[in-house]
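In: this one's structure only:
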């Protein structure tokens, strides 16, 4: 009696197993792939929606405190960007935005309101920072500063500014491409253009992590620079406290003699760097030189020393960094820049030591290429 039952049970189990075995593997795979793809697309959509919501939310939060800065000089209108850091109207921007400004400039808020602002100070160490004060305000929107040393390569960043002076509160995004702590800056690829200078670079919490100040080329190339917080925070504190040791008034800046004149095709300058000279925040000595150039002129600039590694940084009249070079060879400390000048105007050259604490003598020269 039991044998037939066992036989029937065994046959049933075998039939079931056989039935399972002949289910096409492709069908199972197709079902699994379809489910996986559905989950993948769903996750991507959620991530995209989350990123969009974050961008929309913090643009609404930060943009009211971003301003356009305008004034007129003989050559025409000057425009730039800035951002409000105190409710009573302290605005941070670049020195090169405000350097030719009259005592009072126009600040345009996100809602289109135009308010007068006084130019109140520049960074005394020669960094590209300036401060304005909007008149008679108490409850303006502000942007908070991020924690120091919080910037990392690869993190998302967002820029808000006034590109070309005609597109206020333009919002762009990118990532931190490179840290350059020796020069108090970092590189990023969020799109910025002329007119973005002085605007904030923000993290994903709508906090300021830097001040946009330079990009290579006349339009965005993806190689852009922002002044780091370890330079920005002390400047803001000094402005609020009225620290004359760190803040240069507009009147002092106009008669400041720390920037020396360099003549193209003139006699090379013999000079030295060391105790008593300007210091970057990382204790590298530097001096600033100015020279007049013409559009299309090709210039070769050389800094030579046998005592320390040299570094040269060339800035165009509009504040754009044109070239940087340092002498880091174990056998050759000299720096050399060859550049074709894009426009008529005053060019700024920063001559510095490459390492903290280095000092010594050097020569500096600028000559035109023959036939120019």
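Out: All right, it came through fine. Every value quoted in this text rests on a predicted model; they were computed, and no experiment measured them.
In: contacting residues around the most centrally placed residue in the chain?
Out: By C-alpha atoms, centre = their mean, the chain has its centre lying nearest to residue 226, at 1.8 Å. Contact analysis of residue 226 by C-beta atoms under 8 Å, 6 or more residues apart in numbering lists 185-186, 188, 201, 209-213. The way it works is simple: take the backbone N, C-alpha and C, and place the C-beta from them, glycine included.
In: bridge partners for residue 364, pull those for me.
Out: Per DSSP bridges, the residues bridged to residue 364 are residue 269, residue 303.
In: for it, give me its contacts.
Out: 262, 268-269, 271, 289, 301-304, 349, 351.
In: go ahead and list the helix or strand containing the residue nearest to the centre of the chain.
Out: strand 224-228 (DSSP states H and E).
In: following element in sequence after that strand, please.
Out: helix 229-241.
In: buried ones in that next one?
Out: The neighbour-count check on helix 229-241 (16 or more other C-beta atoms under 10 Å) flags 229, 231-232, 234-236, 238-239 as buried.
In: next one, pLDDT for the residue nearest to the centre of the chain please.
Out: pLDDT, residue 226: 94.
In: separation between residue 124 and residue 132?
Out: Applying C-beta to C-beta, to the nearest Å, the value for residue 124 to residue 132 is 17 Å.
In: check contacts around residue 361.
Out: 270-272, 305, 307.
In: okay, and for the stretch 51-200 of the chain, where does confidence drop off?
Out: 51, 74-75 (pLDDT under 70).
In: strands of that one, start to end?
Out: Along the stretch 51-200 of the chain, counting by DSSP state E, counting those that start in this stretch, strands occupy 66-73, 76-84, 90-93, 104-108, 114-123, 130-134, 156-161, 170-180, 185-188, 200-202.
In: residue 193 versus residue 68, what's the distance?
Out: 14 Å.
In: sorry, that was for residue 349
Out: In terms of C-beta to C-beta, residue 349 sits 24 Å off from residue 193.
In: skipping adjacent residues, who's closest to the residue nearest to the centre of the chain in space?
Out: Distance criterion C-beta to C-beta, 6 or more residues apart in numbering; nearest residue to residue 226, sequence neighbours excluded, is residue 210 at 3.0 Å.
In: I'd assumed that neighbour was in a helix, is it?
Out: No: Residue 210 is assigned strand when assessed by DSSP: H, G, I helix; E, B strand; the rest coil, not a helix.
In: tell me how many other residues crowd it.
Out: 25 (other C-beta atoms under 10 Å).
In: same check on residue 301?
Out: 24.
In: so it touches residue 363, yeah?
Out: No: assessed by C-beta atoms under 8 Å, residue 301 is found out of contact with residue 363, at 11.5 Å.
In: on that earlier part again, when residue 349 and residue 193 are compared, which one has more neighbours?
Out: Neighbour count, other C-beta under 10 Å: between residue 349 and residue 193, residue 349 has more, with 24 against 21.
In: any idea which element that one lies in?
Out: Assigned by DSSP H and E, residue 349 falls in strand 345-353.
In: which secondary structure elements does that strand contact?
Out: strand 269-273, strand 285-293, strand 310-315, strand 360-368 (3 or more C-beta pairs under 8 Å, 6 or more residues apart in numbering; DSSP states H and E).
In: what's the first one packed up against?
Out: The one in question is strand 269-273. Using 3+ C-beta pairs under 8 Å, 6+ apart: strand 269-273 touches strand 285-293, strand 345-353, strand 360-368.
In: buried stuff in the first one?
Out: Looking back up the chat, that one is strand 285-293. 285-289, 291, 293.
In: same question for that strand, mean pLDDT?
Out: 89.
In: just want the angle from it to strand 310-315.
Out: 40 degrees (axes from the mean of the first three to the mean of the last three C-alpha atoms, to 10 degrees).
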